[in-house]
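model this:
(one chain, ligands or ions: 1)
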Amino acid sequence: MADALEIAQRYMEEGRPRQIVTADSSMLVMAAEDEELKDLINASDLVVPDSTGVVWAARRSGSPVPERVTGVDLMEALCRLGAEHGWTAYFLGAAPGVAEEAARRLEARYPGFKVTGLHHGFLEPGDTEKIEGEILSLQPHLLFVAMGIPRQEKWIRARMERLNVPISMGVGGSFDCHSGQVKRAPVLYQKLWIEWLYRLITNPSKYKKVALLPRFALMVLRSKKG
Ligand code: UDP
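Here you go, the predicted model:
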């Protein structure tokens, strides 16, 4: 996390548009079958290990990472850093009202951090042009997109050069967490590597994502050790 924040700060100083990808196990399984997603991950500026599975895979492949950095934590840490530096953000995604509540809570927790624009993530024809226009005129420092993997990553990649936001990041269910709608798995579940079980119990519609985990494990076990 410390490294990621140092890198993010440098990106902000340089000002060129960058994409941070928060890779969890489901994303890497999808990337094995989705060339566009795979290329996008490889071309992104920074990839952080969002899940314990990815931390395990990195260690097994001989490129260990110091720790897990979840999207929801990195997003919050960037808001905290933003408060110190006067950064602004645009929140795109989640159901109507959720981005507003997440923004309200994060602005209250980190005075000085401002969400200058937001839009829900269930886009109708014409919404994209409107959102692009808003981002271009607001020129935020940060763009968080919460529309699910891989839609959010592809949305960013397709227009990041034009939108020219220094840091854009897909954040999945983070607005749901920061708005208080969804609870994160208790630390014990995280430590025991059974966060997926908590997700499944609290939100059975997550079964599709959880079902990718055995495939991820096989993928990693079959790949060459570093
Ligand atoms: N979402 C959205 N537009 C869509 C589909 C989903 O804004 O067309 C939102 C959804 O409301 C949720 C987020 O995207 O807030 C996806 O969260 P999820 O936990 O499923 O993300 P992932 O597991 O892909 O990280």
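
how about the residues of the protein near the ligand?
Applying C-beta under 6 Å from any ligand atom, we find that the chain lies next to the ligand at 93-95, 121-122, 146-149, 172-173, 175-176, 209. For every residue, glycine as well, the C-beta is placed using N, CA and C.

Please pick the buried ones from the residues you listed.
The neighbour-count criterion (16 or more other C-beta atoms under 10 Å) marks 93, 94, 121, 146, 147, 149, 172, 173, 175, 176, 209 among the residues of the chain next to the ligand as buried.

and residue 102, what does it touch?
The neighbours of residue 102, taking C-beta atoms under 8 Å, 6 or more residues apart in numbering as the test, are 91, 94, 174, 175, 178, 179.

is it true that it lies in a helix?
Yes: counting by DSSP: H, G, I helix; E, B strand; the rest coil, one finds residue 102 located in a helix.

re earlier: save the contacts of residue 102 as CSV, and put in secondary structure and pLDDT too.
Output for those, formatted as CSV (DSSP: H, G, I helix; E, B strand; the rest coil; pLDDT from 0 to 100):
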residue, secondary structure, pLDDT
91, strand, 98
94, coil, 98
174, helix, 97
175, helix, 98
178, helix, 98
179, coil, 98
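
Now flag whichever of those is closest to the ligand.
Closest to the ligand out of these is residue 94 (3.6 Å), distances taken as C-beta to the nearest ligand atom.

Now distance to residue 103 and secondary structure too, for the buried ones among the residues of the chain next to the ligand, in JSON lines please.
Output for those, formatted as JSON lines (distance: C-beta to C-beta, whole Å; DSSP: H, G, I helix; E, B strand; the rest coil):
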{"residue": "93", "distance to residue 103": "12", "secondary structure": "strand"}
{"residue": "94", "distance to residue 103": "11", "secondary structure": "coil"}
{"residue": "121", "distance to residue 103": "14", "secondary structure": "coil"}
{"residue": "146", "distance to residue 103": "12", "secondary structure": "strand"}
{"residue": "147", "distance to residue 103": "16", "secondary structure": "coil"}
{"residue": "149", "distance to residue 103": "22", "secondary structure": "coil"}
{"residue": "172", "distance to residue 103": "17", "secondary structure": "coil"}
{"residue": "173", "distance to residue 103": "16", "secondary structure": "coil"}
{"residue": "175", "distance to residue 103": "9", "secondary structure": "helix"}
{"residue": "176", "distance to residue 103": "13", "secondary structure": "helix"}
{"residue": "209", "distance to residue 103": "26", "secondary structure": "helix"}
